[in-house]
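Undergrad: next comes the sequence, and after it the predicted model I'd like to discuss.
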Amino acid sequence: MDKEMLKLYFIMGSNNTGDRNPEQVLQKALQGGITCFQFREKGQGALPEEEKWKLGRKLKAQCAAFHVPFIVNDDVDMAIRLEADGIHIGQEDDPASKVKERCPARMVIGVSVRTIEEAHQAAADGADYLGVGPMFATDTKEDAKAPVGLEGIRRLRAEGITLPIVGIGGIDASNAADIVEAGADGVSLISAISLADAPEKAARELRSRLNGPTEKQ
Ligand SMILES: Nc1nc(C(F)(F)F)ncc1COP(=O)(O)OP(=O)(O)O
Ligand SMILES: [Mg+2]
C-alpha cells in the first residue's frame, strides 16, 4: 500500500454534511486534493440500506474519476460488492485476518486502534494501515473514546510500529501538521471538510498545511 494515500483521508456519510448534498461535498473535496475517501454511512440519520448502496456506488464513481482510493467503513460485503479499494474496520468488527480471507488481495485493510496492544495485534493480523485515535475530542463519532493525543502516535512509533498510520478525531487545519510531525503518515477527518463553508478550499488549505499545496493551485 502506498502510504501517500493516507496524507489527507476524508471520511463522510450523508449525515455528516448538514443539509448539503454529499455528492457535491465529495466533488469539492476531490477538487481540493483529498488523497483518499472513506464512505462511512452510520449513526444518527444514516441512510437505510438501499439508499446507502445507491449513494455508495455514486461516491465510488466520483473517486474513480479522480483516481482517489474509495474505502468502505465496517461493511465488508458492501466493500467487496462495490469493488472498493479497501475496507476500514474497528475493534468491534472481525479481525483483519478474517476480513482479509474474504477480500480480493488488491483491497487494503485499515484497522482502528487506540492502544499499543491493539496496534501490535492489527499488524499481526495483516492490517495495511492503522487509524489511530481519537487524537482530540470529537463530537462526530458518537461512541468515541477518550482522546489519545499526539502522544498516542509517538508511543506507537517508539514501540516499533512501522505500519502506515493515519490520525483521526478532532483534526482540522490548526492541528493537522502536528499529527504528521508526531509520526503519522497523514490525517483523517470528517467535519473539517464536510461541514466547511467551502469544502474545496478547506481541503486545499489542509493539503498545504500537510506540506505541498495541491497541484491544482
Ligand atoms: N472509521 C474510521 N476510519 C479511520 C481511518 F483510519 F480510516 F481514518 N480510523 C478510525 C475509524 C473509526 O472506525 P471504527 O472504530 O470502526 O468506528 P466507526 O465504525 O464508528 O467509524
Ligand atoms: Mg467501524
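TA: Done, it's in. Ligands and ions are numbered 1, 2, ... in the order given.
Undergrad: buried stuff in stretch 10-21?
TA: Residues of stretch 10-21 classed as buried by neighbour count (16 or more other C-beta atoms under 10 Å): 10-17. C-betas here are computed from N, CA, C, even on glycine.
Undergrad: so which of the residues you listed is the closest to residue 48?
TA: Distance to residue 48 across those (C-beta to C-beta) is lowest for residue 14, with 10.9 Å.
Undergrad: do you know the pLDDT at that closest one?
TA: We have a pLDDT of 98 for residue 14.
Undergrad: wait, doesn't it sit right on residue 41?
TA: Yes - here residue 14 lies in contact with residue 41, judged by C-beta atoms under 8 Å, at a distance of 6.4 Å.
Undergrad: so which residues on the protein come close to ligand 1?
TA: Residues of the chain found near ligand 1 (C-beta under 6 Å from any ligand atom) are 9, 11, 38, 40, 42, 73-74, 88, 90, 110, 112, 131, 141, 166, 168, 188.
Undergrad: what about 8 Å?
TA: Residues of the chain lying close to ligand 1 (C-beta under 8 Å from any ligand atom) are 6, 9, 11, 36, 38, 40, 42-43, 71, 73-74, 88-93, 110-112, 129-133, 141-143, 166-169, 188.
Undergrad: any idea of the mean pLDDT for stretch 55-68?
TA: Per-residue scores along stretch 55-68 average to 98.
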